[in-house]
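J.: pasted the sequence and its predicted model underneath.
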Amino acid sequence: MLPEHAEQVLGIYQAGIDEGNATFETRAPAWEAFDKGRLPQHRFVALDDDGTVLGWVAASAVSDRCAYAGVVEHSVYVHPDARGRGVARALLDALVASTEAAGIWTIQSGIFPENTASLAVHARAGFRIIGTRERIGRHHGAWRDVILLERRSPLIG
């Protein structure tokens, strides 16, 4: 993921936000904030033949504490027109490869229960459900649950 992908990446993020079941966020951030909050070595875009961004994945550190040095949280988003083509799975596979190469043992994410497509692709990529954080936050005036998932590396730890 490079700065030249910024506009398309943020557009895909905003499309996911607008659908209402991807995040508590209500607006995609400016590129500078987005860029600052994600680990450079663990973010990728999927491109079509003409260089159009089909989707993206990015990881962030969960804590500055050394005990959590091997734990990241990730997000994956696919352009609505590119869904059902294996883009999310390819992005998750790239993330798993990069994190394992870096010694990261856990990738985690929180997903709304209504986002069944995301839950399914994560399950196929080796993520497991840890539990449900009930009524963890308000979104457009309603309390929302979040399913906590993780993928523990079989190669590390």
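T.: Alright, I've got the coordinates.
J.: what about the residue nearest to the spatial centre of the chain, is that helix, strand or coil?
T.: Centre of the chain computed as the mean C-alpha position; nearest residue by C-alpha atoms, centre = their mean is Ser75, 1.1 Å away. Ser75 falls in the strand class when you classify it by DSSP: H, G, I helix; E, B strand; the rest coil.
J.: measure it to Cys66 for me?
T.: 24 Å (C-beta to C-beta, to the nearest Å). Quick note: C-beta positions are derived from backbone N, CA and C, even for glycine.
J.: ditto for Glu4
T.: 34 Å.
J.: more neighbours, these two?
T.: For Glu4 versus Cys66, neighbours defined as other C-beta atoms under 10 Å are more numerous around Glu4 (11 against 7).
J.: may I have the phi/psi pair for the more buried one?
T.: phi -70, psi -10 (degrees, to the nearest 10).
J.: which pLDDT value goes with the residue nearest to Arg83 when sequence neighbours are not counted?
T.: In this structure, Arg83 finds its nearest non-sequential neighbour in Ala117, 7.3 Å apart by C-beta to C-beta, 6 or more residues apart in numbering. Looking at Ala117, its pLDDT is 94.
J.: just give the number of residues close to Ala117.
T.: 14.
J.: just say helix, strand or coil for it.
T.: helix.
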